[in-house]
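S.K.: give me a model of this one.
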Amino acid sequence: MRTGKILACSLAVLALGGCATAPQGHGVAQNTAPVCLPSYNIDHTDIPNDSTILFTMRDRTVWKNTLVAPCYGLKIDSRGFTYAPTDPGSDTICSNLVTIRTNTDHNVCLLGEFTKVSGPKHS
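M.R.: Presented below is the predicted three-dimensional model:
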């Protein structure tokens, strides 16, 4: 039983350890911290296939999330998907730490890595 408590505490520490802000520079992302997006800045999402979600931010920056495994039915789900912030009470959606749930079939899938597709567009 002690091992289970240690594992649960370790997972909680990892989850509550905080999220790095989305990287601003160019180059290869480091695997030291997940990329996190503030949920209040997400304008909309697009789903090109069952393995990819494109998050368009209010400033028109686009972030691609490649799910850990295909989320069958995600693309065709007319009711979309639901997600919750990484930490309860926070406003961030972080790579490799958040699950999504399709609203029709209730499939649960894990977000993977975020990669920046395009930068902000200014009027």
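S.K.: what's across from Val62 in the sheet?
M.R.: Thr56, Ser118 (DSSP bridges).
S.K.: mind listing the strands for this structure?
M.R.: 20-21, 35-38, 42-49, 52-57, 62-66, 81-83, 92-94, 99-102, 108-110, 113-118 (DSSP state E).
S.K.: can I get the ones you listed in a markdown table with distance to Tyr72 and mean neighbour count?
M.R.: Any C-beta I mention is one placed from the backbone N, CA and C, and that applies to glycine too. What follows is those, written out as a markdown table (distance: least, CB to CB, whole Å; neighbours: other CB atoms under 10 Å):
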| stretch | distance to Tyr72 | mean neighbour count |
| --- | --- | --- |
| strand 20-21 | 31 | 13 |
| strand 35-38 | 24 | 21 |
| strand 42-49 | 11 | 12 |
| strand 52-57 | 13 | 18 |
| strand 62-66 | 15 | 18 |
| strand 81-83 | 12 | 16 |
| strand 92-94 | 21 | 23 |
| strand 99-102 | 9 | 18 |
| strand 108-110 | 9 | 16 |
| strand 113-118 | 20 | 15 |
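S.K.: can I get these in JSON lines with mean pLDDT?
M.R.: Shown next, in JSON lines, are the strands of the chain (pLDDT from 0 to 100):
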{"stretch": "strand 20-21", "mean pLDDT": "39"}
{"stretch": "strand 35-38", "mean pLDDT": "92"}
{"stretch": "strand 42-49", "mean pLDDT": "95"}
{"stretch": "strand 52-57", "mean pLDDT": "97"}
{"stretch": "strand 62-66", "mean pLDDT": "97"}
{"stretch": "strand 81-83", "mean pLDDT": "88"}
{"stretch": "strand 92-94", "mean pLDDT": "89"}
{"stretch": "strand 99-102", "mean pLDDT": "90"}
{"stretch": "strand 108-110", "mean pLDDT": "92"}
{"stretch": "strand 113-118", "mean pLDDT": "93"}
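S.K.: can you give me the end-to-end span of stretch 104-115?
M.R.: 27 Å (CA to CA, to the nearest Å).
S.K.: repeat for stretch 99-108
M.R.: 6 Å.
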